[in-house]
Structure formats: structure tokens, C-alpha cells
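Visitor: Turn this into a model:
(2 chains)
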Amino acid sequence: MMQASTVDLLTDTARAAAARRTMAWIAGGLAAAATVAGGWLAPPDELQGDAQRLMYLHVPAAWVAYAAFAVVLAASGAYLIGGDLRWDRFARAAAELGVVLTAAAIGTGSVWGHLVWGTWWAWDPRLVSTALLLLAYAGYLALRRTLAERRGARDGGDHRVARPAAVAGVAGFLLVPVVHFSVVWWRSLHQQATVLAPHRPPIDPRMATALLLAVAAATLAAFCLLLRRVVHLERGLAPEPSPAAERTPAGVG
Amino acid sequence: MRRRAGRVALVVVLLAAGGLLVTGALRDTVTYYRTPGELLDDPGVARHRVRLGGDVVPGSLRHDGDLVVFRLAEGGHEITVEQRGTPPETFREGTGAVVEGTLSSDGVFRSDHVVVRHGNEYRPSSSPAVPVDAG
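Guide: You can find the predicted model right below:
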């Protein structure tokens, strides 16, 4: 069911484009609701004041970046198993999203840290591991580009790029749990998770609502961007050489 | 082709291992701050510049010229801190803080940098959940 609707949404037809637009409007509506909830309805935090509202940008950015890297992992795995280059394009599009969102999480976190901790940056496990995560996936994208240029291949349409990239895409995900649990495993300046914590610490319900709205909006918006990007990549690759070349077992390629 | 992919996989694994080693080597990162108990057990550590973390003891905060004096506590141990320079606005009694400096032989930690370490609990500012110390 999910698979069928995903493939439907990915076709370069007017009907699929309309469906993608509808989704984008829903994401926009959620974002507007999150802005109202996070900007006005939620109260300022007792300790942090209005600076705490940066949470409604920072947490969605970080969460969707994790999700994007999970898509890279899943799509890379699916490519390695099935050899379908469409998964390779998914992995590339998701990595691009993830890199931008990780940078956004670091940027918003830096402003938040300046306002509440009193420092823009600290050599703390969470911050350092997040910077490594950004470097790892920027390196993944650089690897794809280098391979495509060296081998005269089209990125997203060639097994000679897709295979090594898929291996890197799977390996890179090792860093995600390190980043997420860095605040539990090591002493950190960064606070621990609230919503994803096993015993959820107190959070004002209005704050929690604003946060969930913001996360939902960001997740759906990122999904729309991912689909658009994959369609765009496929348009750039057209005309396809032949349907047979599109699908060969990865082990042979 | 296969050899090439294998080589790339090896490079990736080496990079990942290297990354973990680098994080391991960055002891200052993995142990972002020391606790008062650790510094009191081994004062030699604090001859060099270190970070000390703990909660600002309620009632201990006072201003002395351009010095801010308070005690940091964690796990039943306390160290008096003399901070030169203004702490961030969010700095207050009862919340966490990490200071950077050295432990003098008189047992006072002299720092020139303080950051606030807040928890993962979020409450509206009007709620009287935590009594604010009048001092």
C-alpha cells in the first residue's frame, strides 16, 4: 500500500505532481500551526525564557536529519539487495536533505547555546559528534560526485557510483546512535532528550504540542522535498538508456 | 569492480574507526567536565586548566567586586568557585553550571569562563514549581 502510493507520487505526471502539491500544502498548514503554537500559544520557559522557543526549530531539524539518514541507510540497503537505481537516487536525495538539516540543527543549536548556555560552541560530545555526522554525510556526497566525475558516470544512474555509495551510506549511519546517545553515554553540556526519554521528564503540554506540530510539519515537508528531489534527479537522467540497464543485480554490477 | 568496491568499503570502515578513535582521543570532549568529587580526590588533575561541573548551591551565590563567588556541588561534594567576569543571564542558584579554570592550593576553584547547564525539563515561566532563592 505504502509502496504503491510512493511509486505513484514519484511519477513525473500531472496527477502525481498535484498529489505532491497537496502534501506540500498540508505541510505548510502544519508549519503555520506550529508557528502559532510555538511562537505564541506555548509559554516561555521558566529558566530559559523565550530562547527556549528555538527548540521548535532545533529539535525538528535534528529529528528529521536523523530520519533522512535512516532513509539513506534503508535505501542504500535496498539498493545493495535489489540493485534498483531508484533506491540509489533516494539515498542521494535523503543525504542531501540530512546534511542541510544537520547544518540547520547546529546553527539553531548554536544560537540557543549562546542565549542559554552562554556559549556559541562547546567541545562537548553531542556537539562534536554532530559535527562529525555532518562531515561524514558531506563526505558521502563528495564521494558520489568524485566517483561520478572519475568514472564519467551519471550520479544516480550508474552502478559504478551507486555501489560504493551504498556501502558508505550504510556505514555512515553508525554515527547516528553515537550522536543520539552521546548525552547519555558521556558527560555533556547538552541536555538529554525529553520526548524520546524512557521516563519522560516534565514538559508543559502546550510546549509539547508545539514541538510535536513542528516535528510533524518538518517531517512532512522533508518528505515532499525528498519526492521532488528524486523526481528532479530522474528528469535529469532522462532519456533512460534502456529499461534493462536500470535493473541489474547489484552483485553482478 | 568488486575489488574497487571492497577497497571503498575498507576506506569507509577505516574512516569510521578513525572517527571513533578521534572521539576517544578527545578525552576533554568525552569527559566534558569533572565533578567536584573527582577534583577533590585528585587535585593534581586541576593544576592544569580543567572544566568543573555541578549544581550551583542555593544560598551560596554572592558578588564580590568583579568576582562572582558560589559553590558547585554534585554527589555530596562541593567546591567553592571564584568566577571572574559576568555569568550568562540564565545563571542562577539551583541550576547546573560548568566553569573553566584551575583549582588553587587553598581549595578555591578560580575560573574565567562559566556556562549554564540546564536540564531537560520545561516549565512555563509563571509556574511556581521551583522556589527562587531571594539571595
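Visitor: Nearest spatial neighbour of B:Val8, chain-adjacent residues omitted?
Guide: For B:Val8, ignoring the flanking residues on the chain, the nearest one in space by CB to CB, 6 or more residues apart in numbering or on different chains is A:Pro164 at 3.8 Å. Bear in mind the C-beta positions are built from the backbone N, C-alpha and C, glycine included.
Visitor: confidence score at the one you found?
Guide: At A:Pro164, the pLDDT value in this model is 95.
Visitor: A:Leu213 versus that one, what's the distance?
Guide: Going from A:Pro164 to A:Leu213 by CB to CB, to the nearest Å gives 40 Å.
Visitor: what's the helix or strand for the residue nearest to B:Val8?
Guide: helix A:159-172 (DSSP states H and E).
Visitor: what does that helix contact?
Guide: Residues outside helix A:159-172 that contact it (CB atoms under 8 Å, 6 or more residues apart in numbering or on different chains): A:69, A:72-73, A:75-77, A:79-80, A:83, A:85, A:88, A:91-92, A:95, A:136-137, A:139-140, A:143-144, A:147-148, A:151, A:153-156, A:248, A:250, A:253, B:1, B:4-5, B:8-9, B:12-13, B:16.
Visitor: Going along the chain, name the helices of chain B.
Guide: B:2-25, B:27-30, B:36-41 (DSSP state H).
Visitor: Where among these is average confidence lowest?
Guide: The minimum mean pLDDT among the helices of chain B belongs to helix B:27-30 (a mean of 68).
Visitor: so the residue nearest the centre of chain B bridges to which residues?
Guide: Residue closest to the mean C-alpha point of chain B, counted by CA atoms, centre = their mean, is B:Val98 at 3.1 Å. In this entry, B:Val98 is beta-bridged to B:Gly53, B:Val115, by DSSP bridges.
Visitor: quick one, what contacts it?
Guide: When contacts are counted by CB under 8 Å, 6+ apart, B:Val98 touches A:Leu189, B:Tyr32, B:Tyr33, B:Arg51, B:Leu52, B:Gly53, B:Val114, B:Val115, B:Arg117.
Visitor: pLDDT at the closest residue to the third one other than its chain neighbours, what is it?
Guide: Distances taken as CB to CB, 6+ apart put B:Gly53 closest to B:Tyr33, at 3.4 Å, once the chain neighbours are dropped. B:Gly53 carries a pLDDT value of 94.
Visitor: Give the rounded mean pLDDT of the host helix or strand of A:Arg229.
Guide: Here A:Arg229 sits within helix A:205-237, counting by DSSP H and E. The average pLDDT for helix A:205-237 rounds to 94.
Visitor: for stretch A:177-191, same thing?
Guide: Mean predicted confidence for stretch A:177-191 is 91.
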